[in-house]
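> build me a model from this:
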Amino acid sequence: MSIKQPAPSQATVQKGRGSAWQIAHRFERAEREVFDDGWGTLDQFAAQEHLAPQTEIIEERARSILSSNQSPDISFDRSINPYRGCEHGCIYCFARPTHSYLNLSPGLDFETKIIAKVNAVERLHAELSKPGYRPLSLVLGTATDAYQPVERRLGLTRGLIALLSECRHPFSLVTKSSGVERDLDLIAPHAARGLASVYVSITTLDPQLARLMEPRAAAPQRRLRTIRALAEAGVPVGVSVSPLIPFLNEPELERILEAAAEAGASSAFSIPLRLPWEVNPLFQEWLQRHYPERAARVMARLRDMRGGRDNDARFGTRMTGEGLWAQLMQQRLRKACERLGLGRERRVVDLSQFRPPADGRSQAQQTLF
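This is a model prediction of the structure:
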């Protein structure tokens, strides 16, 4: 059974939140339904909907911090995500369904209940110290942003980068936050050794669309300034125009690439919108709310690219789509990158410089604690 919880009304839209829908997750067994019991229950429920939800940080001591990639669609081998959930509130985030495993809603809970892996540096130190450890390509922030607002206070990402730098372990990171500039003192020297690169996600240059689609992420122009700051510091920087959504940000593809190249980006990639599990109803509700005149066209085009389905999870097509429209978008990306001199392949990393952490507490851990 699932919770019969209706999609939020227009009146319940919360400023700064991507979704106001506490959608039931797919493992939910309880069933609840709002009804009028004659004691003002509906009025109380409506009043609660208008309360601005506060962000809650939940500390977790993780048993492991390195995740291995099993997908042939993805070019990296391992990833680190110091946080679960993301306050940026991007409505399209493919990681929303992961909150279901925590018995939390992929809707509002995903952006208001943030799990912080407070022992992330400790666990990484243990992994890198194992006698049989061998470095492979590693990316930070693949599921949720490693530089979301709570990072300013907790500094988990900075501690991880300090440890990776100490061990001369290559890494890349993906972010849509200007917070990465704080750690240029660590990232730039690592990049000078050929061991670090950054990818900045820019989905639109339209501030209004960005506010609706990614309410607590940095504004588009601020992200372009971050690309410039990284490039000027000597850090190889790429741009991710992902996800690409037909009739919303897809018409901007070439303009985003041009702006990123002008700011100093040297590479680019793009992935069409994916709608796994609970992301599908959340996105469609958001689409009907903000762009009702385009909703049918957007979904029809997505289905054209996904074999007639809302989502296609098959390896080999999930990151690219299929059919005429998917081919056209890839062609536009390829031609724009060729014209602008933007590479499309991930950089080859040097694994030979790695050295295990020194015995005892590492310099990175001392700095963090």
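> what residue is smack in the middle of this protein?
Thr144 (4.2 Å; C-alpha atoms, centre = their mean).
> hang on, that residue in a helix?
No. Assessed with DSSP: H, G, I helix; E, B strand; the rest coil, Thr144 is coil; it does not lie in a helix.
> would you agree it is in contact with Cys86?
Yes. Counting by C-beta atoms under 8 Å, Thr144 does reach Cys86; the two are 4.0 Å apart. For the C-beta atoms, the positions are set from N, CA and C on the backbone; glycine is no exception.
> which neighbours do the two share?
Common neighbours of Thr144 and Cys86 are listed as Cys93, Ala95 (criterion: C-beta atoms under 8 Å, 6 or more residues apart in numbering).
> strands of the stretch 151-300 of the chain, residue ranges please.
For the stretch 151-300 of the chain, the strands defined by DSSP state E, counting those that start in this stretch occupy 171-175, 196-201, 237-240, 267-269.
> of all those strands, which one is nearest Gln331?
Nearest to Gln331, of all the strands of the stretch 151-300 of the chain, is strand 267-269, at 14.2 Å by C-beta to C-beta.
> just checking, what packs against that closest one?
strand 237-240, helix 324-340 (3 or more C-beta pairs under 8 Å, 6 or more residues apart in numbering; DSSP states H and E).
> so which of those is the most surrounded?
When the helices and strands packed on strand 267-269 are scored by mean count of other C-beta atoms under 10 Å, the highest mean neighbour count falls to strand 237-240 (a mean of 24).
> so what does that strand touch, helix or strand wise?
strand 196-201, helix 220-232, helix 253-263, strand 267-269.
> can you list the strands that it pairs with?
Next to strand 237-240 in the sheet, as set by DSSP bridges, lie strand 196-201 (parallel), strand 267-269 (parallel).
> could the C-alpha coordinates of that strand be exported in CSV?
Extracted in CSV, the C-alpha atoms of strand 237-240 (Å, rounded to 0.1, in the frame of the first residue of the first chain):
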residue,chain,number,x,y,z
VAL,A,237,37.3,23.2,-15.6
GLY,A,238,34.5,21.7,-17.7
VAL,A,239,30.8,22.5,-17.9
SER,A,240,27.9,20.0,-17.5
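> now do that strand, average pLDDT.
Averaged over strand 237-240, pLDDT sits at 97.
> what comes into contact with that strand?
So strand 237-240 is contacted by 174, 197-202, 227, 230-231, 256-257, 260, 264-271, 342-343 (C-beta under 8 Å, 6+ apart).
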